[in-house]
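Participant: Curious how this folds, go ahead:
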Amino acid sequence: MQIPNLIFFLLLLISFCSAPSNSTTIPAKADVGVILDLETPLGKIIKTCISMSIEDFYVKHENSSTMIVPHFRDSKSDIVAATSSAVDLLKNTQVMAIFGPQRSTQADFVIDIGNKVSVPIISPATSPAISPEESPYFIRSAWSCSSQAKAIAAIVKAFGWKEVTFIYQKSKFGSGLLQFLFDGLIQVSHQTVLCSCPGDDQIRKELYQLQTMQTRVFVVHMESKLASRFFRKAKELGMMSKGYAWIIVDSLTSLYSMDSEAVEAMQGVIGLKAYIPSTNELKNFEKRWSKRFLKDNPDMELMGSNAYGLWAYDSMTALAEAVELVGVTSTRFKKRVDGGNLTDLDAIGTSSIGESLVPLIRNYTTRGLSGNFNLINGELQPSAFEIVNVIGRGEHTVGFWTDRNGLSKTLKPDDDGVYSTKRENLGAIIWPGKTSEVPKGWEIPTSGKKLRVGVPMRAGFPDFVKVQRDPQTNATRISGYYIDLFDSVMDALPYAVRYEYVPFDMMDSYDNLSYKVFDGTFDAAVGDITITARRSQYVDFSLPIEDGGITRLQDIKYEDPNKGNFFLKPFSRGLWLTVIALLIFTGLTLWIIEHRLNEDFRGPPSEHRWDSTKARLSEYLLDDALSKGSKNGGIKAMLVTTPYTKLFLSRSKYCKKYMRVGTPDLSEGSAFVFPEGSPLVADISRAIIELMDNGRISEIKGRWISDSCSEDGVQPSHYADQSTIKLESFKILFAVTGGITATCLVVYLASYLYKNRGFVQRISSSGATTRAKIRAMCKHFDQRDPKSFRVSRRGNGDGDQTVPPSPNVYQDRWSSIVPISTDETPVEIRVVCPNSDNSNVAADENL
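Facilitator: Here you go, the predicted structure:
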């Protein structure tokens, strides 16, 4: 007799002996099938938990009218074996329900059978590809692996990782999580799929492929047997070292299924596992469970129970309660009435109580050993995940995740409901390589493939990007401003990046080049590529490397700044000196002319009043008329992006012919293009800022785009000529002004010498030295002109009286007494010019 039957009869005997003597009630036998991989640690754990759940239930409910009798079958990790076991249990044992199988691939077939015969299938299969919504007789007794997607996304976001590589087993179990990772807003850069039983060479090949990629964050979702081999090979290839980050799902976090060598290889791995709250009931159970497990498995090392075992325990309790409510009928299955050739399933029929039993299990809530055990529509509802770090031979809790609060170091019942993905909400983590430094999440593989950088190959502006082919060697040479700039930016990165330029034939537009980055043809694109809203929807741009904007460009006509009538610019140094000299010359001339005639020009030079002239020179306006114009078949103006305008006007032959007009319309600038979510974007942008700060970008730009033109489209040398006007610009003005002034001076001096010719003759014929003669002439010239000033005469004791001279006085001039020196002997000469009117002479009795 089998052990389960012995247990049943022992329980039946205990129940009979403990019943009152007048009672003859015997519990109805409820057969339940259990299909597990009994050769695996998890299968053994679940088996012990199910057995203890049944025993504990009927000890607590000793007056039950029904009693579950489990019938265990070993599916041997095989789909066919699991399916055969299910058919056998239904056909030969006529079980009321089946617990298992434990694998999603096995459960998929068994669930179909359960739906056909109306028998509830309670399985810990976690693949979301198997849905209780689509299978009315399926009850999932574990959390769906899709519930981990948000928790994984929170971890990825907390550490600033932009993308991950998803490594999974080729099955519904492995692929079921993928879609939910996308839904959790995780950027999956690559997927690695392994068959259920790959060879070591195949595993190495996939790991080598991963080494050639940039991403260093891996999410692993596979069965424990395959995972053990995978992590051992990863360590052999150096992928469990510093810089790598590994995240495993809850099915792998319980290390009971891993051998010691695999656990050693997994040091630094982050894992998720269902959080099971610690209670006194659970502690008592674990003590009993340890003894029972060693008794059932004497050849195995002791291991603790886990969430899957506790969920199985609570699931069997739910089934026992449901069976108690429905009862056991004598006729287990309803046979089909139609005859003919029937398959095994057709011959089984449909369960008599399945339709009544299944809703009681699919919607069930209790506080069990696993915590809140809440089944809604056949789906066990998740609560909180525990985040653990594999250290040594075990795991260390570093935090928790809930759908309500996100990441947290501890679970608080009185939470505030604020969702957080802050790194500070997690404890210290030891990463692969035994380091506390958080992995960057990506690296440029030095031994991997080169980055393919697309560059536009087109005619137009070779200063930006120029692609040349050597006709003899057929080698391609790529140069230009953007090429040099990209090389400098890559050199400024804190790590080495291998890349190569790949010319792209620009037959259509720059949108095609950007799209080639999106579809993976290129890893980046470099050139005069403008940032646009449309392109930013499918690629990422670095920090702008060139200002944007749309500029109006048109031809101009302006006069030669060296023309004589061009004096509308600030003065040059020579011009200023000339102006000052001319002012002094004009002032002297004015003084000479007015000195003998105007009282204001008498006295010491410090008392003379000088006039000042201020001139405001307006900026020369260039003629905005076009050289040809739209009326003559040309165009009036052209709207060109600012970078092209600057380059175009940097040509010396265009500086005097074209100019930019008005304020440019602002728009996005030019930048380097990368795939959306590329980790290079942030580092590239930081490198661009660094090169801007140290002036390196300006230096590179100066080599390719000459600054020979100013903002107005004029070469600096010509612009300097305009903004600093030279002497030649005023030569006509100065010539006219100087000529008039000089003419006035000559005429006046000639008139003075003529009118005073007698005095001049006497001075000239005197025996005085030349110096004395000049001094005498100057003294004479410095005297007042008697015809231009009032004549003073003395009164009769009443003070001096001043009377205006007679108009006739101006007919002749008085000379003054001029002392001259002859052989150092003073000589006084009095010269009197007779007047026609003698009364005028009498006016000054002192003469």
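Participant: Against Phe518, how distant is the spatially most central residue of the chain?
Facilitator: With distances taken as Cα atoms, centre = their mean, Ala682 lies nearest the centre of the chain, 5.2 Å away. Distance of Ala682 to Phe518, computed by Cβ to Cβ, to the nearest Å: 19 Å. (Each C-beta comes from the backbone N, C-alpha and C, glycine too.)
Participant: other SSEs contacting the helix or strand the residue nearest to the centre of the chain falls within?
Facilitator: Applying DSSP states H and E as the criterion places Ala682 in helix 680-693. Under the contact definition 3 or more Cβ pairs under 8 Å, 6 or more residues apart in numbering; DSSP states H and E, helix 680-693 sits against helix 481-491, strand 673-675.
Participant: Quick one, which of the ones you listed gets closest to Thr40.
Facilitator: Proximity to Thr40, assessed across these by Cβ to Cβ, is greatest for strand 673-675 (41.5 Å).
Participant: Pro70: what's it in contact with?
Facilitator: 4, 32-34, 50-51, 54, 99 (Cβ atoms under 8 Å, 6 or more residues apart in numbering).
Participant: Mark which of those are part of strands, please.
Facilitator: 32-34, 99 (DSSP state E).
Participant: Excluding its own residues, what touches stretch 739-754? List them.
Facilitator: So stretch 739-754 is in contact with 585-586, 589, 592-593, 760, 781, going by Cβ under 8 Å, 6+ apart.
Participant: Could you list the buried residues of it?
Facilitator: For stretch 739-754, burial by neighbour count (16 or more other Cβ atoms under 10 Å) applies to 741, 745, 748, 752.
Participant: Out of the residues you listed, which is nearest to Asn92?
Facilitator: Thr741 (135.4 Å).
Participant: Need the distance between the two termini of stretch 65-82.
Facilitator: 31 Å (Cα to Cα, to the nearest Å).
Participant: Which positions within it qualify as buried?
Facilitator: Per 16+ other Cβ under 10 Å, stretch 65-82 contains these buried residues: 66-75, 77-79, 81-82.
Participant: any idea which helix is longest in this protein?
Facilitator: helix 731-755 (DSSP state H).
Participant: Save the contacts of Pro70 as JSON lines, and put in pLDDT and neighbour count too.
Facilitator: Formatted as JSON lines, those follow (pLDDT from 0 to 100; neighbours: other Cβ atoms under 10 Å):
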{"residue": "Pro4", "pLDDT": "49", "neighbour count": "16"}
{"residue": "Val32", "pLDDT": "96", "neighbour count": "24"}
{"residue": "Gly33", "pLDDT": "97", "neighbour count": "24"}
{"residue": "Val34", "pLDDT": "97", "neighbour count": "27"}
{"residue": "Ile50", "pLDDT": "96", "neighbour count": "24"}
{"residue": "Ser51", "pLDDT": "96", "neighbour count": "20"}
{"residue": "Ile54", "pLDDT": "96", "neighbour count": "23"}
{"residue": "Phe99", "pLDDT": "97", "neighbour count": "26"}
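Participant: Tell me which two of those residues sit farthest apart.
Facilitator: Maximum distance among those (Cβ to Cβ): 14.1 Å, for Gly33 and Ser51.
Participant: mind listing the strands for the stretch 401-550 of the chain?
Facilitator: Along the stretch 401-550 of the chain, counting by DSSP state E, counting those that start in this stretch, strands occupy 406-408, 451-457, 466-469, 476-479, 499-505, 524-525, 539-541, 550-555.
Participant: Mind checking those strands for the one nearest to Ser224?
Facilitator: strand 406-408 (26.2 Å).
Participant: Pull the distance from that closest one to the chain's centre.
Facilitator: Relative to its parent chain, strand 406-408 has a centroid offset of 25 Å by Cα atoms, centre = their mean, to the nearest Å.
Participant: and what of stretch 284-302?
Facilitator: That offset, for stretch 284-302, works out to 55 Å (Cα atoms, centre = their mean).
Participant: Would you indicate which residues of it are buried?
Facilitator: Quick answer for stretch 284-302 (16+ other Cβ under 10 Å): 285, 289, 292-293, 297.
Participant: now stretch 767-783
Facilitator: So stretch 767-783, judged by 16+ other Cβ under 10 Å, has buried residues 768, 772-773, 775-777, 780.
Participant: Out of those residues, which comes closest to Leu426?
Facilitator: For the buried residues of stretch 767-783, the nearest to Leu426 is Arg775 (104.5 Å; Cβ to Cβ).
Participant: and the closest one, what does it touch?
Facilitator: With Cβ under 8 Å, 6+ apart, Arg775 has no contacts at all.
Participant: quick one: the helix or strand encompassing it to helix 731-755, angle?
Facilitator: Assigned by DSSP H and E, Arg775 belongs to helix 770-782. Calculated by axes from the mean of the first three to the mean of the last three Cα atoms, to 10 degrees, helix 770-782 forms an angle of 100 degrees with helix 731-755.
Participant: From the chain's centroid, how far away is helix 770-782?
Facilitator: So, by Cα atoms, centre = their mean, the centroid of helix 770-782 is 88 Å from its chain's centroid.
Participant: One more: stretch 280-298?
Facilitator: Worked out by Cα atoms, centre = their mean, stretch 280-298 lies 54 Å from the chain centre.
Participant: can you redo the buried residues of stretch 284-302 as a markdown table with distance to Glu699, secondary structure and pLDDT?
Facilitator: Output for those, formatted as a markdown table (distance: Cβ to Cβ, whole Å; DSSP: H, G, I helix; E, B strand; the rest coil; pLDDT from 0 to 100):
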| residue | distance to Glu699 | secondary structure | pLDDT |
| --- | --- | --- | --- |
| Phe285 | 74 | helix | 95 |
| Trp289 | 73 | helix | 91 |
| Arg292 | 78 | helix | 93 |
| Phe293 | 73 | helix | 92 |
| Asn297 | 74 | coil | 91 |
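Participant: Which single one of these is nearest to Glu321?
Facilitator: Phe285 (18.3 Å).
Participant: where's that closest one relative to Thr279, distance?
Facilitator: Counting by Cβ to Cβ, the gap from Phe285 to Thr279 is 9 Å.
Participant: what is in contact with the two at once?
Facilitator: With Cβ under 8 Å, 6+ apart, Phe285 and Thr279 have common neighbours Leu369.
Participant: buried stuff in stretch 228-239?
Facilitator: 228-235, 239.
Participant: scratch that, stretch 379-392 is what I was asking about
Facilitator: Buried residues in stretch 379-392 (16+ other Cβ under 10 Å): 379-380, 382-391.
Participant: Tell me if I'm right that Ala151 and Lys273 touch.
Facilitator: No. Counting by Cβ atoms under 8 Å, Ala151 does not reach Lys273; the two are 10.4 Å apart.
Participant: More neighbours: these two, which one.
Facilitator: Ala151 (25 against 21; other Cβ atoms under 10 Å).
Participant: so what's that one closest to, chain neighbours aside?
Facilitator: Trp401 (4.2 Å; Cβ to Cβ, 6 or more residues apart in numbering).
Participant: In contact with that neighbour, which residues?
Facilitator: Trp401 neighbours (Cβ under 8 Å, 6+ apart): 150-151, 154-155, 272, 384-385, 387, 407-408.
Participant: So which of the residues you listed are in helices?
Facilitator: Per DSSP H, the contacts of Trp401 map to helices at 150-151, 154-155.
Participant: Include pLDDT when you put the residues you listed into CSV, please.
Facilitator: Below are the ones in helices among the contacts of Trp401 laid out as CSV (pLDDT from 0 to 100):
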residue, pLDDT
Lys150, 90
Ala151, 92
Ala154, 93
Ile155, 94
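Participant: which of the residues you listed lies closest to Gly371?
Facilitator: The closest of the ones in helices among the contacts of Trp401, once distances to Gly371 are taken by Cβ to Cβ, is Ala151, at 16.8 Å.
Participant: The closest one and Leu407, how far apart?
Facilitator: 9 Å.
Participant: shouldn't Lys116 be in contact with Thr343?
Facilitator: No. If you go by Cβ under 8 Å, Lys116 and Thr343 don't touch, sitting 10.0 Å apart.
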